[in-house]
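Colleague: next comes the sequence, and after it the predicted model I'd like to discuss.
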Amino acid sequence: MGLQASAAWSDPSGTSWVPGRCRGECARWWTGPSPRSPRAASRRLPSSSAHRRQYSEPPPPPPLFASPEELRAECSRRWLRKEEVHDLLLQPRAYGLALADADALASLAPVSGTLFLVDKSQHARFRNDSLAYRMRDTSSGGRVLCESHERYKIDGVPAINARYSQAEDGSLHRRIYSRLAGRGGLDRDLHLVHYLRPPQQAEPATPMELGPAHASPPDTAPLEARVRQLEAEKEAA
C-alpha cells in the first residue's frame with residue numbers, strides 16, 4: 001500500500017518531515033538574504049540600457065591619416081601598412097572612401113596610386129580591369145592568374161588576407177585586401193584594391209663607381225729596386 005499524502009517520513013538522521021511543511025523548513029534553514037531585500041536586488045542584472053552601456057564595443061580609434069588627401073598622397077608613393085589596411089576596412093568613411101559602383105568599375109583604367117573599395121557580393125568580377133596580368137599554366141592545361149597570397153596579423157592574430165598580382169609588362173602591381181573569417185566588426189565582402197607602380201630598380205654600378213678607368217697603374221719602381229738589392233746582397237754572401 002502506497003504512502004498517504006499526509007503521512008510523515010524520517011530521514012536517516014531520525015528527523016521527521018511532513019509533506020506541506022517543506023517550504024517552512026527550507027525557509028527556516030535558509031541563511032541567505034530575502035529575495036525582496038535590497039541586498040538581493042543589488043545582485044540582479046542591470047537594465048537593458050545599463051547593460052548596453054557596460055558591454056558595448058569601444059569606439060573606433062582615431063584615423064591614422066589626417067585627411068583623405070594625405071591618404072591619397074601616401075597611396076601614390078608606397079604600399080599601405082597592415083595596420084592602415086585594417087583601419088581602412090574597419091572605418092572607411094573616416095577616410096572618405098565609398099563603395100565603387102558598376103559604372104566606375106566598367107570604365108576603370110587603373111594608374112599608380114588608384115585606391116577604391118568594392119563589395120564582392122555585388123561585383124564578383126571586380127578584378128577584371130583593363131590590365132593584362134601575368135598568367136601561369138595549370139596541370140589541366142589551362143591558364144589562370146598568377147597571384148600570390150599573404151596573411152597579415154593584427155595583435156598576433158591573422159586578420160587580413162592580401163593577394164598580389166602584377167601586369168604582364170611589370171609596369172603596375174595590384175594588391176587586394178580583405179578580412180579573414182572570425183574577425184568581428186569588419187565586412188567580409190568588403191575588399192580594398194590598391195594599384196602602385198613598382199619602384200625603379202637600382203642601376204648597376206658604373207666603372208667610375210668601382211674605380212676610375214683612366215687611373216694610372218701604381219708606381220712599382222721602388223719595389224723592383226728593393227728586390228734587386230736583396231738579390232745582390234744574397235749573391236755577395
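Modeller: Thanks, I have it. Note that the structure is predicted; figures quoted are calculated from it, not measured. Numbers count the residues shown, from 1 in each chain.
Colleague: spit out the contact partners of the nearest residue to Pro92 once chain neighbours are set aside.
Modeller: In this structure, Pro92 finds its nearest non-sequential neighbour in Leu117, 5.7 Å apart by Cβ to Cβ, 6 or more residues apart in numbering. Every C-beta, even on glycine, is put in place using the N, C-alpha and C of the backbone. Contacts for Leu117 (Cβ atoms under 8 Å, 6 or more residues apart in numbering) come out as Pro92, Leu97, Ala98, Leu99, Ala100, Leu190, His191, Leu192, Val193.
Colleague: quick check: pLDDT value at Leu117.
Modeller: Per-residue pLDDT puts Leu117 at 92.
Colleague: quick one: what helix or strand has it in it?
Modeller: strand 115-119 (DSSP states H and E).
Colleague: what is the helix or strand following that strand packed up against?
Modeller: Using DSSP H and E, the next helix or strand after strand 115-119 towards the C-terminus is strand 135-137. With contacts taken as 3 or more Cβ pairs under 8 Å, 6 or more residues apart in numbering; DSSP states H and E, strand 135-137 sits against strand 143-145.
Colleague: remind me what the strand it packs on packs against, helices and strands.
Modeller: Packing contacts for strand 143-145, counted by 3+ Cβ pairs under 8 Å, 6+ apart, involve strand 135-137.
Colleague: and the strand it packs on, average pLDDT?
Modeller: Strand 135-137 shows a mean pLDDT of 90 in the predicted model.
Colleague: pull up the pairing partners for it, direction included.
Modeller: strand 143-145 (antiparallel) (DSSP bridges).
Colleague: alpha carbons of the helix or strand following the partner strand, in CSV - could you do that?
Modeller: As assigned by DSSP H and E, the chain's next helix or strand after strand 143-145 is strand 148-154. Written as CSV, here are the backbone C-alpha positions of strand 148-154 (Å, rounded to 0.1, in the frame of the first residue of the first chain):
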residue,chain,number,x,y,z
SER,A,148,50.3,35.2,-54.5
HIS,A,149,48.6,35.3,-51.1
GLU,A,150,49.8,36.5,-47.7
ARG,A,151,48.1,36.9,-44.3
TYR,A,152,48.6,40.0,-42.1
LYS,A,153,48.5,39.6,-38.4
ILE,A,154,46.9,42.2,-36.1
